[in-house]
Structure formats: C-alpha cells, structure tokens
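J.: fold the stuff below for me.
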Amino acid sequence: MAGRGMTSQGTGRLGRWGRCAAMTAAALIGVSPPAMAQMTLDVPGDVPGGMATLLAAPISVCLLILISYWLGRRSLRGGAIGERQLMLLLDRAPLGWYAVDANGRITYMNGTMREWLGLGEATDHVRLHDLLAEIPAGAVPASPFGSSVAGEGDASFRSRAGEPISVHLRQQALPPGTRGGSVACAVVHDLRPARAREAQLQVFERRFQRFFEQAPVGIALVDAEGRLEEANKAFRSMVKMRSAELRKQRLLDLIAEPDRPQVEARLRMALQGEEIGERPLDLQMAAGQGRSATLYAVRREDEAGGKPGLIVQFIDTTERKKLERQFAQSQKMQAVGQLAGGIAHDFNNLLTAMIGFCDLLLLRHRAGDQSFADIMQIKQNANRAANLVRQLLAFSRQQTLIPRILDVTDVLAELSHLLRRLIGANIELQMVHGREMFPVKVDHGQLEQVIINLAVNARDAMPEGGKLLIRTSNVSNQYPVTRGAETMPPGDYARIEVVDTGTGIAPDIIDNIFEPFFSTKEVGAGTGLGLATVYGIVKQTGGFIFVDSKVGEGTGFSIYLPRHAAAKGEALVARQEGDPGQPRDLTGMGTVLLVEDEDAVRLFGARALRNKGYNVFEARSGEAALEMIKAGKQSIDLLITDVVMPRMDGPTLIKEVRLIRPELKVIFISGYAEDDFRKRLGEGAEIHFLPKPFSLSQLAEKVKEVMRAA
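T.: Presented below is the predicted three-dimensional model:
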C-alpha cells in the first residue's frame, strides 16, 4: 500500500521535469509506464526505513527519482531523500547503469553492473571500450555502437575473468553541463538469463521435434475445420504423401471412404471435449492397399484467444491385422485338419478290415466264381474310399511321406503322357522346363498328385477347350514375399506354374478355394478336396502355393518348393521306384505278436499271416502285449503294433519292450503319419512302418521283408 501511495504522490510532486524523466526512463529501458508500475526491487535488510519505503515502491517511481537527479534539472521537493540514499537505490537496481564522459571514461557505474563485470567500486580509471568484447569500427570513445553517443542495440561486454556478457542497452545523451562531465548514460539489460532460457527452450523444442518426428506412431495436428497443420514421418509414410502435400489437406480425405462417417463423428466428439476415454477406432487408410490403423484423438488448446484443435494419433495395425488373419486361418485349418485326421484314422481301421477280408474271400473265390465280381466291387469301392481318406490326410498334413531328392523337370516329363490323357484332346498342353533346376526333396507320388489335381481342375475350368501351361523355373528371393495371409521367407525355390485359359475364379471366393469341401462344381461333380489336398501336400513338404486369377481370362497356380542342400551321401533320383519289387513268394516262418485294439483289423491280420505260415499271437492292448513278452512263454520274432490305442499306446509299448528285448523287430501300423510317432521314439530307433489301410499282400510283403532282414 505504501508503494502505491508513493507512486501517485511521487509522480504528482515531480512536476513537468518529473514527467519528462518518466518518459526518459520508459524510453531507456523500453518498458511502458503502466508495465513499469508493476516492477519492484528487492529491499536489502540494512536499508534505512525511509529508503526502504522508497525501494519498496514500484521501479517506475525509483527511476523517475533517479532520472530527475541525474538530469540535474531540479531537486526533489521536500528533500526527504538525500544523495546517499539515491546512490544506494541506483546501486541496487536490477539493471546495469553507467555514465561516460566524452573520452569514454566511466564516470559512474552501479553495483549491479560492476558485479557483472567483476569490477571494484573505483571505476574512474576504466574506459568504456576497455569493457567491450568487440569495439565497433568507427565508434567514438563514449559510444558502444558507432559515431553517435546515443543509440540502442545488443553489445557484448567482457568481465575481468574473461567471461563474455551479452547485453541489450539503451544509451541516452545527457545535456551539456551535466556534473562529472558525463555526456551519456545507459541502462543495461543482462541478456544471459534470457539467452540461457532461450537456449534451454530450443533444446526442449529440438527434443520435442525429434520425438514428434521419429515417433513410431503417426501423429497429426488438426485444426478445428479438420485440416492438417503438421504431421510426423510415420503419418506421412502411412498416407504416402510429403509434408508440403499434407498442408491444409482434409484429414477425412486420407481415410478410406467407408470409414469416414465414424471417423468424422469421433473427431467431432473429441473437438467438443466429450469424454471418449481410451476407446480406439479401427479404420482403413485411403492410401496403400489394405493398410489399416487404429485412431486416437484428443482436444488441444492453443494460446489464449486461439481456436482449439486436435491431436490425432494413428497406430499402424497392418501387420497385426495380417497376423490375426493368418492366425485365424491357421486355427481354422488346424481345427478342420484335426477333425479330418481323426475321421481318416477311424476310416482307415474300417477300410483295412474291409479290404483285408475281401482279400481273404478272394483266396476262396477265384475269377469265374459267381461271387468274385461282387467281392471285387466291394474291394474297388473300399479302395476309392481309401483314396478319399488319403486326400483328407494330405489336407491335414498327417499323411506319411517318403521324400526323395528329385528334379522337378524329370517328374513332369514322366507325367506328361498321363496329363495329356487326363485333360483331353481339346486342351493344348504346353510344358516349358527351366534350365538347371534346383533340386527339391519331396515325395515323388505326392508331387505327381499335386500336378494331376491342378491339371484336372484346369480341365474342368475349360469345358470348351483351351491351353494348359506348366512351366518350371528357379527363383531366389532376397526379401520375404507376402501374398495374402502367407509370407514366404527369403531363399532359393524351384517354382512350378500351372496356368490355364479357363473361366477364372471370382474374387469373392478366391480366398476359400483351399478350404476342404469347398467346390464351385455341380453337386456330385467333385469332392471339394482337390485343392485342399494340393495345399496340404505343398505345406507338409515345406513349400508355398499362391494363386492369381481373372474372371474370363484364366487362373495360375504357383508352387514354390524350397531348394534342398544335399548332405554327404545323398544322391538325386529320378523316380521313387527302385525298391525291390513285390516278392512272388509271400510265405514265411516265425512267431509274430499282433497288437491291435480294433477287433476287425486284428482278426484279419492274424488270419492273413497264419495263412502265410506264421505263428501269430494276438493282444487287444499294449498292457496285454507287454505281459506276454515279460512272461517269456513264447519266443517272439516280430512285434506288430498299432500306434494309437487306449491307455498304453504303441510308442510307449515299444519303449517298455526295448528294456526287455532290445533286439526285437517292430512294425508299426497306423492311419496317422509316421513322423507323428517316430519323434517320440528318439533318434536311432530301428522300426518299420506300414500305413493303413493295407491289403493282405502288402501286410505279408512287409512282414517277410522285415523277417528276411532279421
């Protein structure tokens, strides 16, 4: 309150010269009188009461008094404040203050500035130019700027310790006759704190700009009209546009059209300050095929008086969505595959019994017997069913493969005659073989099955005739190749292309063609397992299959089989055949223990082997077989066991038997793939495998082969 009273009274008592002084003070420090009225000084504790009252007043009053004093035009009325108190006030001012004579000698410098420069109280021997870090060309001794004594600008002083001091000063010429010979006085602002704050602010700004620009999520600043003001690198990459192209671009124009209404509603809610919480919004971007993102938006407030805007963040979810689709597809295929595999296993048991008992009947009903044709019809239909089961197992990737190192050119050359008969005379078959094809390790028969299925599919797509092209080539990929939900890793591949000029596949169903039982053919014209089988075989082999199609132009399937790096001792073979042919005499001698929980299969197998001369013991479970072997009443030469049985399965039985009879020969029989159980037996386990369904001759041949080796 004292300060305010003194402000009004002081300005009233200074009169005309005081008002002039006030204007001068305002001009010197560049602060308007209203703003000066808010500035105060820190009052030291040792200042006398009267002086403390003055120092507690706003700095405008202090400067009015000081300027009036230094102008020497008029004494303060009342004489309440003496020269010593005025000098003390000036000495403690928060600004630097100095006066110089015509020769540049410092006639006065306040304590604040002396402290900056590291000077003592005696400054009459110091010259202005001695304090400057750099003297301007042509500057008069009394000026830090140039030829004129009065001036304003930035300057650099140097302290006694050599520290540069950046200042902004206003120097005012004094009237002639000013005491001490002073020709000019100056008010000096120390710019170091401001420069330090500015430098720190620049660091923060650079740090924020770096964070903004390099953020892994797309960030866009949007005004109230929905136009872009600024966007970072991640966002520019998502929309495939440069910074200049983005300015004033409508954000909604960068969103896929179907998603624009919900995006517009979300932005409006955020701009109005509505609480939307952490709810993300999934959308598709207009640029980039299939690029998806998750949007977050928050309101931002600009400086006082400015319009509000939005901070919009985009998280690129393209890869995540692709992985989700891949996972969902793999889960679906795995579920259907498990179902198909389970069904196939049960069917294989039934078909083994059907085919086996047909073989037993054929031993008694030869050709010419009235029952022979009926039995053959049953066996042929059972074999057709067995082929259908093999397709189910191929789709579920649970079939038994016998991979060999092959040249796909040789395989296709051998298959060409069969393919020409399959596709008919109205379709032209053209084969283009690549040179020096990479070797691949695949099952010869299954690779043929893949080509045959694709050729039959192509034939059905060209009812009026056309052209079927089968082409091979080598492909080396340096980077992953993504097609739909599949990603093929880098590497060397042998590519087989099967291209037709048929009706093509509609875009809305092309993603479903590898699913089991999916077919576009008429009811009864196909099983819907042809392409599912192809897919299963290729994937079980470690390869990839992609499809390209245009309605009315045709369809192309591209199969990529990984290049096989042959190990020492491995050789390239042209055909799967090469094993000894079926022996003419399938009879034998020895004792066989047959373990099978399916009664029909066990009865057929036991009768078939007894007919061939073997002594056969039967067991319905793994536990019963183990008890028989432990009892040692029979000298078992060969153990034939099913893989999947209740309680003790085949692999577990073999592990127990090895502890008692490590030399005992073993044949596994199963409708599942050999790899499924061989891994459980460990490396080096000597076992043989006979896949279900099998015929009497196949069973007898396998047993004789193993017994002969023993």
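J.: and stretch 362-372, average pLDDT?
T.: Stretch 362-372 comes out with an average pLDDT of 84.
J.: name the residues of it that come out as buried.
T.: Neighbour-count burial for stretch 362-372 flags 362, 365 (criterion: 16 or more other C-beta atoms under 10 Å). In short, each C-beta sits where N, CA and C put it, glycine included.
J.: check stretch 469-484 too.
T.: 469-473, 475, 481.
J.: among those, name the ones in strands.
T.: Among the buried residues of stretch 469-484, the members found in strands (DSSP state E) are 469-473, 475, 481.
J.: pipe these into CSV and attach distance to Phe235 per row.
T.: Shown next, in CSV, are these (distance: C-beta to C-beta, whole Å):
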residue, distance to Phe235
Leu469, 45
Ile470, 47
Arg471, 43
Thr472, 45
Ser473, 41
Val475, 36
Val481, 27
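J.: can you redo the residues you listed as CSV with distance to Val432 and pLDDT?
T.: As requested, these are exported to CSV (distance: C-beta to C-beta, whole Å; pLDDT from 0 to 100):
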residue, distance to Val432, pLDDT
Leu469, 7, 93
Ile470, 7, 93
Arg471, 4, 93
Thr472, 7, 93
Ser473, 8, 93
Val475, 15, 92
Val481, 22, 87
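J.: and which of those residues is nearest Leu119?
T.: Val481 (76.5 Å; C-beta to C-beta).
J.: bridged to that closest one, which residues?
T.: Each beta-bridge partner of Val481 is listed here, defined by DSSP bridges: Met488.
J.: just checking, it touches Gly491?
T.: No. Using C-beta atoms under 8 Å, Val481 is not in contact with Gly491; the gap is 10.1 Å.
J.: what count of nearby residues applies to Arg299?
T.: Using other C-beta atoms under 10 Å, the number of residues around Arg299 comes to 17.
J.: neighbouring contacts of whichever strand or helix holds it?
T.: Secondary structure from DSSP states H and E places Arg299 in strand 292-300. Strand 292-300 is contacted from outside by 218, 221, 238, 263, 266-267, 270-273, 276, 278, 280-285, 308-318, 321, using C-beta atoms under 8 Å, 6 or more residues apart in numbering.
J.: hmm, 7 Å instead?
T.: 238, 263, 266-267, 270-271, 273, 280-285, 308-318, 321 (C-beta atoms under 7 Å, 6 or more residues apart in numbering).
J.: show me what secondary structure element comes after that strand.
T.: Toward the C-terminus from strand 292-300 - assigned by DSSP H and E - lies strand 309-316.
J.: tilt between the helix or strand following that following strand and strand 292-300?
T.: The first helix or strand that comes after strand 309-316 along the chain, using DSSP H and E, is helix 318-364. Here the directions of helix 318-364 and strand 292-300 differ by 160 degrees (axes from the mean of the first three to the mean of the last three C-alpha atoms, to 10 degrees).
J.: Met238 and Asp316 touch, don't they?
T.: Yes. Counting by C-beta atoms under 7 Å, Asp316 is a contact partner of Met238 at 5.9 Å.
J.: more neighbours, these two?
T.: Set Met238 next to Asp316 and count neighbours by other C-beta under 10 Å: Met238 wins out with 23 against 20.
J.: what's the average pLDDT for the helix or strand containing that one?
T.: Element membership of Met238 [criterion: DSSP H and E] is helix 233-239. Average pLDDT, helix 233-239: 89.
J.: please name every helix or strand in contact with it.
T.: strand 218-222, strand 309-316 (3 or more C-beta pairs under 7 Å, 6 or more residues apart in numbering; DSSP states H and E).
J.: any buried residues in it, and which?
T.: Using 16+ other C-beta under 10 Å as the test for burial, helix 233-239 gives 234-236, 238-239.
J.: what are the ranges of the helices in the stretch 51-200 of the chain?
T.: Listed in chain order, the helices of the stretch 51-200 of the chain (DSSP state H, counting those that start in this stretch) span 59-71, 83-91, 111-117, 128-131, 192-214.
J.: quick check: what element follows whichever strand or helix holds Leu690 along the chain?
T.: In this assignment (DSSP H and E), Leu690 forms part of strand 688-691. Using DSSP H and E, the next helix or strand after strand 688-691 towards the C-terminus is helix 696-709.
J.: that next one relative to helix 318-364, how many degrees between them?
T.: 90 degrees.
J.: which neighbours do Met238 and Asp316 share?
T.: With contacts defined as C-beta under 7 Å, 6+ apart, the residues adjacent to both Met238 and Asp316 are 218, 293.
J.: what sits against Ala506?
T.: Per C-beta under 7 Å, 6+ apart, neighbours of Ala506: Val551.
J.: okay, and the helix or strand of the protein with the least pLDDT?
T.: helix 2-13 (a mean of 34; mean pLDDT, DSSP states H and E).
J.: which residues of the stretch 501-650 of the chain fall in helices?
T.: So, for the stretch 501-650 of the chain - with DSSP H, counting those that start in this stretch - the helices run 530-540, 599-611, 622-631, 650-660.
J.: which stretch among these is buried most, on average?
T.: helix 530-540 (a mean of 24; mean count of other C-beta atoms under 10 Å).
J.: now that one: mean pLDDT?
T.: For helix 530-540, the mean pLDDT works out to 83.
J.: tell me what angle it forms with helix 318-364.
T.: 110 degrees.
J.: starting at the chain centroid, how far to helix 530-540?
T.: 29 Å (C-alpha atoms, centre = their mean, to the nearest Å).
J.: could you number the chain from 849 rather than 1 from now on?
T.: Shifting the count to begin at 849 puts that one at helix 1378-1388.
J.: and that helix, what does it pack onto?
T.: Using 3+ C-beta pairs under 7 Å, 6+ apart, helix 1378-1388 sits against helix 1220-1243, helix 1292-1308, strand 1392-1398.
J.: please identify the most buried of those.
T.: helix 1292-1308 (a mean of 21).
J.: tell me the contacts of Ala1063?
T.: Contacts of Ala1063 by C-beta under 7 Å, 6+ apart are 1080, 1082.
J.: and the one 4 residues further on, by the same measure?
T.: When the contact criterion is C-beta under 7 Å, 6+ apart, the partners of Ile1067 are 1060, 1079-1080, 1083, 1159, 1161.
J.: so for this protein, the centremost residue is which one?
T.: Geometric centre of the chain, nearest residue: Glu1167, 5.2 Å, by C-alpha atoms, centre = their mean.
J.: listing request: residues of the stretch 999-1148 of the chain with sub-threshold pLDDT.
T.: Filtered on pLDDT under 70, the stretch 999-1148 of the chain yields the residue ranges 1027, 1124-1126, 1136-1138.
J.: and the closest residue to Arg953 other than its chain neighbours, what does it touch?
T.: Distances taken as C-beta to C-beta, 6 or more residues apart in numbering put Arg975 closest to Arg953, at 5.5 Å, once the chain neighbours are dropped. With contact taken as C-beta under 7 Å, 6+ apart, Arg975 is in contact with 952-954, 989.
J.: who does the strand holding Leu1538 pair up with?
T.: Note on strand 1536-1539: by DSSP bridges, its sheet partners are strand 1513-1518 (parallel).
J.: go ahead and name everything in contact with the partner strand.
T.: Taking C-beta under 7 Å, 6+ apart as the rule, strand 1513-1518 contacts 1486-1492, 1498, 1502, 1525, 1535-1540, 1550, 1554, 1558.
J.: mind running it again at 8 Å?
T.: 1193, 1444, 1449, 1453, 1485-1492, 1498, 1502, 1505, 1522, 1524-1525, 1534-1540, 1542, 1550-1551, 1554-1555, 1557-1558.
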